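Trainee: The following block contains a protein sequence and its predicted model.
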Amino acid sequence: MHCSRIAATEPAVEPGPQDPQQPSARGLGRFLGRAREPFRFPLSRIPWERALFLGVAAVIGIYAGIAAGLFSQSIRFVQIVLFRGNEVAAALFGAGRHAWAATFREHLARARWHVEFAALALLVLAFAFAAEALAARRPSWLPRFEVHRVRAVALAGALGLWLYYPLVLLGVFNGTFHETSGGLYQIAIQAPVWVRVLAPAFGALAAGLLVRYVSPESGGHGVVEVMEAIHLRGRQLRGRVAVWKSLAAGLVIGSGGSAGREGPVVHLGGAVAASLGRFLALPRREAAALLACGAGAGIAASFQAPLAGAMFALEIVLGDFGVSRFAPIVLSCVTATATSRALLGGGSELQPVSWTLQHSGEIAIYLALGIAAGGAGILYIRSIHAAEAIFTGHAGGRLGRGLARLRPEWRAATGGLVVGLLALITPRVLGTGIESMNAALAGELAFGALALTFALKLAATAATLGSGSPGGSFFPAVFLGAMFGGAFGRAVHWALPAITSGPGAYAAVGMGAVVAGATAAPLTGVMMMFELTGSYQIVLPLLVACGAAAALVNGVLGGSIYTLGARRRGVRARIEEPLRDLSVAQACEAIPAVPAESSGAELLRALDGARAAVPVVDERGFAVGVLPVRAAREALTGSAARTAGELARTGGLVLLLPDDDLQHALHVLSESGTSEAVVVESPDAPRPLGIVTREGILDAWHRANT
C-alpha cells in the first residue's frame, strides 16, 4: 500500500549571500559557467524557480509545435519533388515561372502570419531585460543568477516563436502546387509506376547516407532514445542530432516509407528539453520531467491532441502519474498543440465518427475486438523485431547474412525497395496513410481491401523500420488499427447486423486498441481516439477494447514496443519500481527505543546493539527523535551527563508505517535529507517498532532479487 508521509521536514534554509569573489557573468564563457551551477534546492520548494520551470515547459511546447510543422511541411516538400518533379521544374524554370511567381505572391498575402507571435516574443524579451535591470538595482529582490536563467529561457522562447515565419514561407511554397484530396495515395496512383517503386528506396538511401556521413546518432525511432536519456545516466540528447534525424525521417516518409512522423518530433522536443535542462543545470529529477515534456509535446503537436500527449508522457515515457509532473507536461502539450495548429490549421486530419450503442451485448463484441487487437499489437511488435534481426544478420539464414554484409544505407534502400514493390499491389501502404484511415472511418473500404492493406502495411512498416530507416512506430500502429478494426467491423456487422454499429465505429475503436496494445498504455489509446474522432460516446467501447489489448500484450510480451526496445538498448527497470513490491517491515531493523531522559552508562548500553541509530521516546512511549549511534558515543565520551533527548535529532523526524512500500520510504528519506526513519505502529500512536535506513532498503532489495 502507498501511504503518505506523516511527519513534515524542516523548511529549507535560505542560502547566504553570493560570494563577492564569484566571477562576473559578463562574457559568454563566464555566463555559461554560472548557468551550470546547480539549483540551490528542488524547484518545487521555491515559487520563483517553479514558475521558471513552467516557463521552460512552455518553451519546449513551442519548439515541439514548430518541429511538427517543419516535419509536416518537409514531408510535403519531398512528396512534391519526388512524385511531381516535372511539375516543379516547369513551375520554377519553365515557361510558367511567371504565373507561378504570381501565385506564390498571392498565397503569401493570404497566409496566416500571426503577428501576435512576434509581439509575444518581444514582450518576453522585454520582461527578461526588465528583470535584469531590476536585479541590478535591487539584488535582494531577485538574485542575479536567476536573472540569467530568465534571460536564457526568454531568448529560447523568442527564437522558437520567430521560427514560425520561415515555416510559413515553406508552407506557402508547398501550397502553390496542386494537392489532391487523396493525399499521397492519389499522388502515387497518378505517378509513373517506376516512380512509385523506386521513390521509397531513393528516400531511404538518401536518409541512410545522411545518417552515416553526417549524423550517425540520428537512426532509431525517437521515443526509445528519449526513454534512454531519462532512465540512464550519461545518455544525452543533442539538438544537432534531433535536427538531422528530422530531416532524414522527412526523406523517408515523404518518399513513401512506412514510418510514423511522431518519432522525430518527439526526439526533437526531447532534445530541446535536454539542452535547456543542461544549460540551466537542473537536478536529474527535473531534467527527466522536462524530457517527458518534450516527448508528450511531440505527440500532442503531431496529432493535435494535448490530452493524449500528456498521457503518453506520463504513462509510457515516465511511467509516473505524480501530480508535480502533471502541470508542466500538460502546459507543454497545450503550447505545442496551439503552435502546431497555427502552422497546420486547426482540427484533426481524421474525420469525426458518429457512434451509438446498438445493443448492450455489443460491449462484449468490443471486448472481443480488444483481445483481437492485442493479438495484432503482438504481431506488429514481433514483425518489427524480426525484420531488425533479418536486416542485421541475426536471423533469416542466407538472406539475413547477405543483408548484414550491405552498408547501412543500402540496407535502408533495400527496405525502401520492399515498400515500393508492395505499393504495386496497393499504394495505400505508402507514407502515413491519413487518406486511407479516413476511408476506413467512413466505411468506404471493403473487407478484402481492409485485410489486404493491413497485411501489406504490416510488412511495409517492418521493412522500413527494420532496415534502419529513421521514423516513428506510433502512427503505423494507428493505421494498422484502422484497417484491423474496419475489417473486424465488416465481419461482425455481416454476422450480427441487428446489434452492431457500422464498420467505421469499429475502425475508430480498433485504432485506439492496437495503439494501446503496441504501447501497453490503455489511457493513451483512449485519449488519442477521443481527441481525434471528437466523439465522447465512443469512450465506452474504447475503455473496454484498449484495456483488453494492453493487458494481453503486457501479459504475453511483458512490455510495449518502447520498453522492449529500451531493454535491448540496456535500459532496465529502475530500482524504484521493484521497491514498490517490498514493504518497510522487510527492511526494518528492530531496535529497542531509548527513553528521552536516559543518560550515562544506561544510554551507552542501549547503543550497543544498534548499527546506525536508535529511536528516542517520551514518557508515553511515542517517538520524538532519532539518536545517531556514532554521534551519541562521541558526545558521551566528552560528557556523560547529557540525556538521549538532548542528543537526539528531533527536527525533520520521518515516521513510516510497516505497510509503506520501500519506494515511498526511499522518496521520503531523499526529500527530508536524512538517512534513517522511525517505523511506528500508527500515525495516531507513534510507538516505534524499529529503524529503517537507506542501507537497509538496498539490502532488502538485494535479498529480494537474489
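Mentor: Looks like it arrived, so ask away.

Trainee: where's the closest residue to Leu318 other than its chain neighbours, which helix or strand?
Mentor: Spatial nearest neighbour of Leu318, excluding adjacent residues (CB to CB, 6 or more residues apart in numbering): Ala292 at 4.7 Å. Just so you know, the C-beta spots here come from the backbone N, C-alpha and C atoms, and that holds for glycine as well. Using DSSP states H and E, the element containing Ala292 is helix 284-303.

Trainee: Tell me which helix or strand comes right after that helix.
Mentor: Counting by DSSP H and E, what follows helix 284-303 is helix 306-312.

Trainee: now the helices for the stretch 601-706 of the chain?
Mentor: 629-638, 644-647, 662-672, 694-705 (DSSP state H, counting those that start in this stretch).

Trainee: Show me what counts as buried in the second one.
Mentor: Within helix 644-647, the residues that count as buried by 16 or more other CB atoms under 10 Å are 644-645, 647.

Trainee: what's next to it, contact-wise?
Mentor: For helix 644-647, contacts defined as CB atoms under 8 Å, 6 or more residues apart in numbering pick out 594-599, 603, 606, 616, 624-625, 627, 631-632, 635-636.

Trainee: Phi and psi next, for Gly443.
Mentor: phi 70, psi 30 (degrees, to the nearest 10).

Trainee: Just the pLDDT at it, thanks.
Mentor: The model reports Gly443 with a pLDDT of 88.

Trainee: switch to numbering from 714
Mentor: Let's use 714 as the start, then, which means that last one is Gly1156.

Trainee: ok, how many other residues are close to Gly1109?
Mentor: When neighbours are counted by other CB atoms under 10 Å, Gly1109 registers 17.

Trainee: let me fix that: Tyr877
Mentor: Tyr877, neighbours per other CB under 10 Å, totals 21.

Trainee: can you check Ala846 too?
Mentor: Using other CB under 10 Å, Ala846 has 11 other residues around it.

Trainee: Now it: which helix or strand?
Mentor: helix 828-850.

Trainee: Run the angle between whatever helix or strand comes next after that helix and helix 828-850 for me.
Mentor: Next helix or strand after helix 828-850 toward the C-terminus (DSSP H and E): helix 857-875. Computed with axes from the mean of the first three to the mean of the last three CA atoms, to 10 degrees, the direction of helix 857-875 lies at 170 degrees from that of helix 828-850.

Trainee: So which bits of helix 857-875 are buried?
Mentor: 858-867, 869-871, 873-874.

Trainee: biggest separation within those, which pair?
Mentor: Phe858 and Leu874 (25.5 Å; CB to CB).

Trainee: can you map out the helices along the stretch 1064-1213 of the chain?
Mentor: Under DSSP H, counting those that start in this stretch, the stretch 1064-1213 of the chain gives helices at 1075-1104, 1110-1117, 1121-1138, 1147-1154, 1160-1179, 1187-1208.

Trainee: For these, state which one has the densest average packing.
Mentor: Across those, the average number of neighbours (mean count of other CB atoms under 10 Å) peaks for helix 1187-1208, which reaches a mean of 26.

Trainee: pLDDT on that one, on average?
Mentor: For helix 1187-1208, the mean pLDDT works out to 93.

Trainee: packing partners for that helix?
Mentor: The contact analysis (3 or more CB pairs under 8 Å, 6 or more residues apart in numbering; DSSP states H and E) places helix 1187-1208 against helix 975-992, helix 1075-1104, helix 1147-1154, helix 1160-1179, helix 1216-1232.

Trainee: Can I get those helices in TSV including distance to His1380?
Mentor: Formatted as TSV, these follow (distance: least, CB to CB, whole Å):
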stretch	distance to His1380
helix 975-992	21
helix 1075-1104	32
helix 1147-1154	43
helix 1160-1179	37
helix 1216-1232	26
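
Trainee: Let me know which of those helices is the nearest to Gly935.
Mentor: Judging the helices and strands packed on helix 1187-1208 by CB to CB, what sits closest to Gly935 is helix 975-992, at 3.1 Å.

Trainee: Touching, Leu1134 and Arg909? I think so.
Mentor: No. If you go by CB atoms under 8 Å, Leu1134 and Arg909 don't touch, sitting 9.7 Å apart.

Trainee: thinking again about what came up before, distance from the chain centre to the helix holding Ala846, please.
Mentor: 30 Å (CA atoms, centre = their mean, to the nearest Å).

Trainee: try stretch 1234-1246
Mentor: Chain-centre distance of stretch 1234-1246: 15 Å, with CA atoms, centre = their mean.

Trainee: Return the per-residue confidence for Met1224.
Mentor: For Met1224, the model assigns a pLDDT of 93.

Trainee: That one reaches Ile1147, doesn't it?
Mentor: No. If you go by CB under 8 Å, Met1224 and Ile1147 don't touch, sitting 12.0 Å apart.

Trainee: can you tell me which residues contact Ala770?
Mentor: Ala770 touches 1003, 1006, 1041-1042, 1044-1045, 1048, counting by CB under 8 Å, 6+ apart.

Trainee: Try it again at 7 Å.
Mentor: Neighbouring residues of Ala770 by CB atoms under 7 Å, 6 or more residues apart in numbering: 1003, 1006, 1041, 1044-1045.

Trainee: In TSV, list the residues you listed along with neighbour count.
Mentor: Converted to TSV, the contacts of Ala770 look like this (neighbours: other CB atoms under 10 Å):
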residue	neighbour count
Leu1003	29
Cys1006	39
Pro1041	26
Leu1044	22
Ser1045	38
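
Trainee: so which one among the residues you listed has the lowest pLDDT?
Mentor: Out of the contacts of Ala770, that is Leu1003, at 87.

Trainee: Closest one of the buried residues of helix 857-875 to Pro1189?
Mentor: Gly873 (28.8 Å).

Trainee: Surely Ala1220 touches Leu1154?
Mentor: Yes. With contact defined as CB atoms under 7 Å, Ala1220 counts as touching Leu1154 (5.2 Å).

Trainee: Can you work out which residues contact both of the two?
Mentor: By CB under 7 Å, 6+ apart, Ala1220 and Leu1154 have these common neighbours: Ala1195.

Trainee: Domain map for this structure?
Mentor: Domain assignment for the chain by automatic domain parsing gives 764-893+931-1057, 1291-1418.

Trainee: Point out the most buried one among those domains.
Mentor: The stretch of the domains of the chain with the highest mean neighbour count (mean count of other CB under 10 Å) is domain 764-893+931-1057, at a mean of 21.

Trainee: Turn the domains of the chain into JSON lines, including distance to Val1257.
Mentor: Converted to JSON lines, these look like this (distance: least, CB to CB, whole Å):
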{"stretch": "domain 764-893+931-1057", "distance to Val1257": "18"}
{"stretch": "domain 1291-1418", "distance to Val1257": "27"}
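
Trainee: Show me what secondary structure element comes after the helix ranked longest in the chain.
Mentor: The residue-count maximum for a helix in the chain (DSSP state H) belongs to helix 760-796. Proceeding N to C from helix 760-796, the next assigned helix or strand is helix 798-806, under DSSP H and E.

Trainee: list the helices and strands that following helix packs on?
Mentor: Using 3 or more CB pairs under 7 Å, 6 or more residues apart in numbering; DSSP states H and E, the elements in contact with helix 798-806 are helix 810-823.

Trainee: Just the residues contacting the helix it packs on, thanks.
Mentor: 804-805, 885, 888-889.

Trainee: how does it look with 8 Å?
Mentor: Defining contact as CB under 8 Å, 6+ apart, one finds that helix 810-823 is touched by 804-805, 882, 885-886, 888-889.

Trainee: between that helix and helix 798-806, how big is the angle?
Mentor: 90 degrees.

Trainee: Helix 810-823 - what's its average pLDDT?
Mentor: Here the average pLDDT along helix 810-823 is 87.

Trainee: so how far is that helix from its chain's centroid?
Mentor: 40 Å.

Trainee: Give me the distance between the residue most central in space within the chain and Phe1188.
Mentor: Note on the chain: the residue nearest the mean C-alpha position is Ala1008, at 3.2 Å, using CA atoms, centre = their mean. From Ala1008 across to Phe1188, the span is 15 Å (CB to CB, to the nearest Å).
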